[in-house]
Each structure stands twice: as structure tokens, then as C-alpha cells.
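A.B. asks: Test case, fold it:
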Amino acid sequence: MKILSDLMGYRESIKVIDATLRDGGLVNDFYFTDDFVKALYKTNIEAGVDYMEMGYRASKKVFDESKFGKWKFCSDEHIREIVGDNNTNLKLAIMADIGRHDLADFGPRSDSPVDLVRVATYIHQMPEAIEMIEHAAKMGYETSCNIMAISNAQKEDIEVAFDMLGDTPVDCIYIVDSFGSLYPEQIARIADLYLNFAEKHGKKVGIHAHNNQQLAFANTIEACGDGVDWLDGTYLGMGRGAGNCAMELLLGFLKNPKYNVYPVYKFLQDHMVKLKEEGIVWGYDLQYLMTGQLNQHPRTAIQFTKDKRKDYADFYTEISE
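C.D. replies: Purely as a prediction, here's the structure:
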């Protein structure tokens, strides 16, 4: 049983990653204005956030460019329009989604404003994920491997994935609760598994939590207390479906003097509240709770939301049969 002072103790190794543009982009098809992105970038700098994820670098062979905002494809040119040379302490990240990316779109780090490539993969895609990790590392980038839908994976399969990742140059392995189905006691056991691997191979461990059961923050701080160092958050919890761990909660919890929550609240006031008022919908709701409890992908709940249905009991019957 941890005591509170241990759980909230200062750790130099902790890094906070803002995933608002990337995970939040799944809510509005990445149609953020440049003014919004510039304000978010400025806020992350002022708040002391360590990394800002600019979006996906998705393949234009897979996705129709006319149907998404530019942060779905996240070119170096578009990033530079926001950050210039980024002469700040804030590092920039992009995500490569395995099966939906092109290896050739990731050129040398020396020619790019990007610092970190986050490789999102399911366990069965691990060989292709490793190819992407090795390519990005060869190009000079920091890398992470975000193993999705971990709540559906068997321990033996996770251990096989770890064996495959152990000899790669990946810097950080992520616990990703894609369905928002995990509880803090499960996170503690999963974190122990990941951290044992990380210690043997000189890797870091991160967590990306979803809020289907209103546990994204609880699961994130549980993982932090267990020794997980890389912590994802989004402003006002903006993200697919039920959303993510709220940045304002996370920075307030860490109580580290390097982080400043005032610019966070100013950004929420000036920008995030407006998105809600414009009718962009995300966050905890009953349909997301149900898919979380049933350990299901939230796609059915997302469609339920789009259809503006209110027959929650019927929906539960549909998805639990």
C-alpha cells in the first residue's frame, strides 16, 4: 500500500505528453484552425509540457486528403507553419499508425521539426511496427511503441511482443487502455509487467488512458505511482469517444514546479469551451461506459452518439448479446 507522499513524490524522469491534436482530432476529423493549434503550442510551452503530439502522419494512399484536416497527415511543412524552428524546450511528436502509414513519409530527423515518432500497433502487427521503429530510429528520431487494446491481449502474447521489442532501439513502450475498460488494480499489475521488461532492456514505460469508466485520470496516476514515466493527457480530456486523461487534472496532480496550470486554464477558457459550444462532442457518457464495461471498441458507442440516440437500455442489449 503506497502512502500519499510516495505516490506524489517528485520524479525528474516523468514526461507529460499532450495528445490533444492527435486523439482529439479523431473527434472533429482534424479540422483544427491554425489559431487553435498555435494557441495550444504556446500553452504547452508556458505550462511546461514535455512533448506535443501534432497528429498522425497518415498515408494519403489510405485516407482521402479532402475529407480530413491537415493534422491527419501532419507534414513537416504544416508543423513549421505553427512552430517555426521550435527553439523551445517543448519537443514535438507525430504518430505512425501501423497499416495506415507510409515508411517513405518519414525522412531524416535533421530535416524535420519532429523529435519523437510514436508507433501505434496491435500485437499481431508487431513485425511491421518494429520495421517502423527501426526506420524512425535510423532517421534519428526518438521512438515509442504504443501497444493498443492491451485489455484484449493475453499475458503470453504481451511477453512475446516484449521479446521482439527488447533488441530494438525503441525508447518507450506504452500501456494503452484503448477501450477504457481497465481498473487501477489491473493497471498496477500491467505496469509491473511492463516495468520489469523495461528495466531489463533499458526502456521507459508510458500510459495512454481512455475515460469510458471515468478512470483515465485514476489509471494514469496509478501507473505514475507504480513507476511509469511517460504520461499522456489532453486538454479537457478531448479524445475519441469518452476522451482521455485530462491535462488539467494531470498537471495539478504532479505538483512539480516545472509545470504551470494557469496557462492551461486560460486555454480551456479561451478555446476548449468554445469547441464544446460549437457542438463538438466527446467525453464520458452512458454508451461509452457500456462499451468500457464490456471491454469493447467504442465504435458502436460513437455511432450511437452520432445518431443522437437516447435508448441506452436497448443499446446495452444490442452490444451485450
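
A.B. asks: What residues of whichever strand or helix holds E185 count as buried?
C.D. replies: Taking DSSP states H and E as the criterion, E185 maps to helix 184-201. Residues 186-187, 190-191, 193-195, 197-198 are the ones in helix 184-201 that count as buried (16 or more other C-beta atoms under 10 Å). Yep, even glycine has a C-beta here, placed from its N, CA and C like the rest.

A.B. asks: For the residues you listed, give me JSON lines that also has pLDDT and distance to C145.
C.D. replies: Below are those laid out as JSON lines (pLDDT from 0 to 100; distance: C-beta to C-beta, whole Å):
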{"residue": "Q186", "pLDDT": "98", "distance to C145": "20"}
{"residue": "I187", "pLDDT": "98", "distance to C145": "18"}
{"residue": "I190", "pLDDT": "97", "distance to C145": "15"}
{"residue": "A191", "pLDDT": "97", "distance to C145": "16"}
{"residue": "L193", "pLDDT": "97", "distance to C145": "15"}
{"residue": "Y194", "pLDDT": "98", "distance to C145": "11"}
{"residue": "L195", "pLDDT": "98", "distance to C145": "15"}
{"residue": "F197", "pLDDT": "96", "distance to C145": "11"}
{"residue": "A198", "pLDDT": "97", "distance to C145": "11"}
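
A.B. asks: Report the two members of those separated by the largest distance.
C.D. replies: The two members of the buried residues of helix 184-201 with the most space between them (C-beta to C-beta) are Q186 and A198, at 18.3 Å.

A.B. asks: counting contacts, what elements does the helix holding E185 pack onto?
C.D. replies: If contacts are counted by 3 or more C-beta pairs under 8 Å, 6 or more residues apart in numbering; DSSP states H and E, helix 184-201 sits against helix 155-165, strand 172-177, strand 204-209, helix 216-226.

A.B. asks: what's the weakest-modelled helix or strand in this protein?
C.D. replies: Lowest mean confidence among the helices and strands of the chain (mean pLDDT, DSSP states H and E): helix 4-7, at a mean of 48.

A.B. asks: Whichever helix or strand comes after it pairs with which strands?
C.D. replies: Where DSSP H and E defines the elements, the next helix or strand beyond helix 4-7 is strand 15-18. Next to strand 15-18 in the sheet, as set by DSSP bridges, lie strand 51-56 (parallel), strand 230-233 (parallel).

A.B. asks: just so I know, which of those strands lies nearest K155?
C.D. replies: Comparing the strands paired with strand 15-18 by C-beta to C-beta, strand 230-233 comes nearest, at 21.9 Å.

A.B. asks: contacting residues around the closest one?
C.D. replies: Strand 230-233 has contacts (C-beta atoms under 8 Å, 6 or more residues apart in numbering) with 14-19, 144, 172, 174, 204-209, 220, 223-224, 244-247, 249-251.
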